[in-house]
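1. Predicted structure and sequence below. I'll ask about it afterward.
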Amino acid sequence: MKKLLMTVAAAFVAVSMNAQMYVGGTVGFGNTVSKTTTLETKTNTFSINPEFGMALDDKMGVGIELAFITGSSEDKWIGTGNDPVATRLKPSSTTFAIRPYVRYQMFQVGKANIFVDGGVNFAISKDKEVGFDAAGKVVDNKPGMDLGLFVQPGIAYNVTDKWSIVGKLEDMFTLGYSKSQVADVSGAPDAPTSFSVGLASGGFTLGTLRFGVYYNF
């Protein structure tokens, strides 16, 4: 057993020494506006995703990405009368995620490499200012958890041998499981823990794009 472990460790070191590694990350911004006949909601998101990876050969690689995501929304009452929720609440969310992945380089065009990442997403999130309790006090949701699979395409443009500019289309396809616990709102009893499983497309909006840089060594 000891000999086997030493052999595996030696093989890993050999691969690491001959593989190209990279470190860097991406950032993303998003802004959306939705309207009803009585309410206008503006939502802003920001994400920063540090990343480390290793190319195993010309086609395959592995890596891990961390994600820190914040979001906030602002409601504006545009109908007649006044809504206390729309005028008093400022909902926000914070998410931290760990995302190991496998990368497949599809093809190369000049200095540009087109790739697709597929991996596992594990995230913890917290929502604030989601409603009011019976006493009129603002309440927050309890921390929620997400676990799922993701697929996202990307492109890396090699400016030099060491530096690359990277763009990714955030989670074009996802398959996930989520668990959340909702706080009391307006004196109502605790909402039950919710579960969801589904296949979804992130679509193509400004908020789904992330850009960044890699340093290759």
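-> Cool, got the structure.
2. use CA for all of it now, contacts and neighbours both
-> OK.
3. Would you map the strands across the chain?
-> In the chain, the segments counted as strands under DSSP state E are 20-35, 39-55, 60-77, 92-109, 112-128, 131-132, 138-139, 142-158, 163-169, 173-181, 194-201, 209-216.
4. What angle do strand 142-158 and the last one make with each other?
-> Orientation note: strand 209-216 sits at an angle of 60 degrees relative to strand 142-158 (axes from the mean of the first three to the mean of the last three Cα atoms, to 10 degrees).
5. just the second one next, same as before
-> Strand 39-55 and strand 142-158 are oriented at 60 degrees to each other (the same axes, to 10 degrees).
6. Tell me the helices and strands packed up against strand 39-55.
-> strand 20-35, strand 60-77 (3 or more Cα pairs under 8 Å, 6 or more residues apart in numbering; DSSP states H and E).
7. my read: residue 32 touches residue 44, true?
-> Yes: counting by Cα atoms under 8 Å, residue 32 touches residue 44, with 6.7 Å between them.
8. Quick test: name the residue nearest the centre of the protein.
-> Using Cα atoms, centre = their mean, the residue of the chain that lies closest to the mean C-alpha position is residue 67, 5.8 Å off.
9. Show me the beta-bridge partners of residue 26.
-> Beta-bridge partners for residue 26, by DSSP bridges, are residue 49, residue 212.
10. which residues does it contact?
-> The contact partners of residue 26, taken as Cα atoms under 8 Å, 6 or more residues apart in numbering, are 48, 49, 50, 51, 166, 167, 210, 211, 212, 213.
11. of those residues, the lowest pLDDT goes to which?
-> pLDDT across the contacts of residue 26 is lowest for residue 210, at 89.
12. how close does that one sit to residue 217?
-> From residue 210 across to residue 217, the span is 23 Å (Cα to Cα, to the nearest Å).
13. more neighbours, the two?
-> For residue 210 versus residue 217, neighbours defined as other Cα atoms under 10 Å are more numerous around residue 210 (22 against 12).
14. ok, now which ones touch that one?
-> Counting by Cα under 8 Å, 6+ apart, residue 210 makes contact with 26, 27, 28, 29, 167, 168, 169, 170.
15. what does the model give the residue nearest to residue 217 when sequence neighbours are not counted for pLDDT?
-> Leaving aside its sequence neighbours, residue 217 sits nearest to residue 21 (Cα to Cα, 6 or more residues apart in numbering; 5.5 Å). Looking at residue 21, its pLDDT stands at 92.
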